[in-house]
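>>> no sequence for this one, just the structure:
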């Protein structure tokens, strides 16, 4: 299997995030995550690392708001130039607009930061923008590969993306995500037919939902912890099924805390049935391994054997499939977990 990967992700290494209760902690989403995955992939001898192609900004600009992209590109250099005494290792705002007060985008940098940044887990540092661009290019390169080979035996590819992307909406970052890699790749693939996105990350794919909520050419589904009790809190509910032309083309499957392999696999069967009925030309998977039982940010109990079964059930759809890396924060287990998931997609 081809694995699209760029070492540019190491430029994005926020020194901290602000966790629940206002605690300043070491950032969970670290470059070490990729090192663990790469080590596990190389140990199998069954994966080919491929650098991404530079697709330019156009595929990204068709998904994300241009004002947001400009902010993401320039925010940190503006922060360094601000005449203040604040700590300059990372940019995070302290003020966020309510829904009723989003009519204006302030001129002030910190005002724009609050406007475009959803929470305090996605600090912007000097290398964030180039790392995010290369991460998107990894997903686009994987999409191009499966599109080019779809006329033959359906192929799969793995985009080893970092930073991850599924919490990034049209005009916001959050949840460790800056550009929505899976959405950018899925949007690019729509030129070849209908697309389904299946998000199996522990947290709801609120950014992907935002991007495709009013579209019928991309059927988006997300299986995740109940947002009544878990981040991102404000999206991911079962009654959110799309709007306008997209009504019925989005589905959320919230899981209760403590859900195990059996519960998860039963829910997955429902999602797979809907995908099969939709008959997409391509499938994009937002693959978060924070569903794992021992993940520090999760509260469901999926074993490595369960992760393997999830991969087997999805692979049985026999669609050209792009697998995009999202979350997963138990670094000791992360590489083995992603290998367990990918195994079913390998050409035998």
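Sure thing, it's come through. Note that the structure is predicted; figures quoted are calculated from it, not measured. Numbering: from 1, shown residues only.

>>> Do a quick rundown of the helices in the stretch 51-200 of the chain.
58-61, 66-81, 109-116, 128-149, 181-189 (DSSP state H, counting those that start in this stretch).

>>> residues of the fourth one that come out buried?
Residues of helix 128-149 classed as buried: 128-129, 131-147 (neighbour count, 16 or more other CB atoms under 10 Å). The way it works is simple: take the backbone N, C-alpha and C, and place the C-beta from them, glycine included.

>>> before we move on, what about stretch 273-287?
275, 280, 281, 282, 283, 284, 285, 286, 287.

>>> is the last one in a bridge, and if so with what?
With DSSP bridges applied, residue 287 shows beta-bridge pairing to residue 325.

>>> Surely it touches residue 322?
No. Shown here, residue 287 and residue 322 do not form a contact pair, counting by CB atoms under 8 Å, at 9.9 Å.

>>> which SS state does residue 49 fall under?
strand (DSSP: H, G, I helix; E, B strand; the rest coil).

>>> any idea which strand is longest in this structure?
For the chain, the longest strand by residue count, based on DSSP state E, is strand 218-225.

>>> Which among the helices of the stretch 51-200 of the chain is found nearest to residue 37?
Minimum separation from residue 37 across the helices of the stretch 51-200 of the chain (CB to CB) falls at helix 128-149, 12.6 Å.

>>> So what's the gap between that closest one and the chain middle?
If you compare the mean C-alpha spot of helix 128-149 with that of the full chain, they lie 13 Å apart, counting by CA atoms, centre = their mean, to the nearest Å.

>>> Ok, stretch 207-215 next?
Distance, stretch centre to chain centre, for stretch 207-215: 13 Å (CA atoms, centre = their mean).

>>> and that stretch, which residues are buried?
207, 208, 209, 210, 211, 212, 213, 215.

>>> Now render the residues you listed as TSV, adding secondary structure, distance to residue 199 and pLDDT.
Listed next are the buried residues of stretch 207-215 as TSV, based on DSSP: H, G, I helix; E, B strand; the rest coil; distance: CB to CB, whole Å; pLDDT from 0 to 100:
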residue	secondary structure	distance to residue 199	pLDDT
207	helix	10	98
208	helix	6	98
209	helix	9	98
210	helix	13	98
211	helix	12	98
212	helix	11	98
213	coil	14	98
215	coil	16	97
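
>>> Where does the prediction get shaky in the stretch 51-200 of the chain?
151-154 (pLDDT under 70).

>>> again, only using 90
82-88, 99, 149-155 (pLDDT under 90).

>>> Let me see the ranges of the strands in the protein.
2-4, 17-18, 24-25, 48-50, 156-159, 195-199, 218-225, 250-255, 282-287, 321-325.

>>> that older thread, which member of the buried residues of stretch 273-287 is positioned nearest residue 226?
For the buried residues of stretch 273-287, the nearest to residue 226 is residue 286 (18.0 Å; CB to CB).

>>> contacting residues for the closest one?
Applying CB atoms under 8 Å, 6 or more residues apart in numbering to residue 286 gives the contacts 165-166, 182, 197-201, 205, 208, 222, 324, 326.

>>> rerun at 7 Å
By CB atoms under 7 Å, 6 or more residues apart in numbering, the contact list for residue 286 reads 166, 182, 197, 199, 200, 201, 205, 208, 324, 326.

>>> Any idea what the third one is bridged to?
Spelled out, it's residue 197. residue 220, residue 284.

>>> Surely it and residue 208 touch.
Yes. With contact defined as CB atoms under 7 Å, residue 197 reaches residue 208; the gap is 6.0 Å.

>>> how much space between residue 273 and residue 78?
The spacing between residue 273 and residue 78, counted by CB to CB, to the nearest Å, is 49 Å.

>>> my bad, residue 89
Distance, residue 89 to residue 78, using CB to CB: 15 Å.

>>> one step back: now, among the contacts of residue 286, which is nearest to residue 231?
residue 201 (10.9 Å).

>>> out of everything not next to it in sequence, what's closest to the closest one?
Counting by CB to CB, 6 or more residues apart in numbering, residue 288 is the residue found nearest to residue 201 once chain neighbours are left out, at 2.5 Å.

>>> and the one you found, how many neighbours?
26 (other CB atoms under 10 Å).

>>> so what's residue 128 up against?
12, 76, 178.
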